[in-house]
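Asker: got a predicted structure plus its sequence, pasted below:
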Amino acid sequence: MSPAPQVPKILLSIGSQGVISSFNHEFIYNDDEDIIGVEVECDDGTFYEFTNDCGQQTFAEFYGINVDFDLSYDEIKSLIQKQLGWDNDEIRWLSFDRKGAPDPKSQTTEAVRSWLNTAIEYGDPEFEQMLDEIPDEYTPGLRLFNELAPADRTALGMKWADAGGPASSVPCIVTSATKEQLNEVLLARGLAYKFV
């Protein structure tokens, strides 16, 4: 009987302040397949992909808005404002004339329908929010954390942290354990990660 095939192990490293990240990674973006994320090196030289769908999401999909267009414009506007917590100056489908008054053409149900069915693009504030969910070099550490039992996390001194700067938040996992201690637990639990 031949031995079971080995599962490639994702290579991880411990950085400054105990931050867990991929040992070697490349950011990926495939516009044809609408995926974005990171590919990380495994111990057999292959790469494992952590990706999210970045397809052309519309404003309606992003906000989860489902509108009955049989309602009046004012009723639709009110419902959307209530659902999103928007004030009048935050209404995204409105356009304004040179004097700052709303253009009457943008105060119609068709203007709302058009905006809701528009795909979110780079530069839209919603695009930045979507970026917060993109896998990065810290994603393997986050996944490992979720795969470990709470007792193992505690024993390895693992906890959530923020690798971002003053104006950003970048979730990550930190540990107080050595790579040898981490690898011992990973091997015992049969998890497909290895610290180098």
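Answerer: The structure has been received and is ready for your questions.

Asker: just the strands in this protein please.
Answerer: With DSSP state E as the criterion, the chain has strands at 10-14, 20-22, 25-30, 35-41, 47-53, 159-162, 171-174, 193-195.

Asker: and the ones you listed, which is most packed in?
Answerer: The highest mean neighbour count among the strands of the chain, using mean count of other CB atoms under 10 Å, belongs to strand 20-22: a mean of 23. For glycine as for every other residue, the C-beta is placed from the backbone atoms N, C-alpha and C.

Asker: apart from its chain neighbours, what residue comes closest to the residue nearest the centre of the chain?
Answerer: Note on the chain: the residue nearest the mean C-alpha position is residue 133, at 0.9 Å, using CA atoms, centre = their mean. Once flanking residues are discounted, residue 133 sits nearest to residue 52: 5.9 Å by CB to CB, 6 or more residues apart in numbering.

Asker: check contacts around the closest residue in space to residue 147 that isn't next to it in sequence.
Answerer: In space, and not counting its chain neighbours, residue 147 is closest to residue 191: 5.8 Å by CB to CB, 6+ apart. With contacts defined as CB atoms under 8 Å, 6 or more residues apart in numbering, residue 191 is in contact with 144, 147-148.

Asker: would you mind checking the residues you listed for buried ones?
Answerer: Neighbour-count burial (16 or more other CB atoms under 10 Å) is assigned, among those, to 144, 148.

Asker: and of the strands of the chain, who's closest to residue 185?
Answerer: strand 193-195 (9.9 Å; CB to CB).
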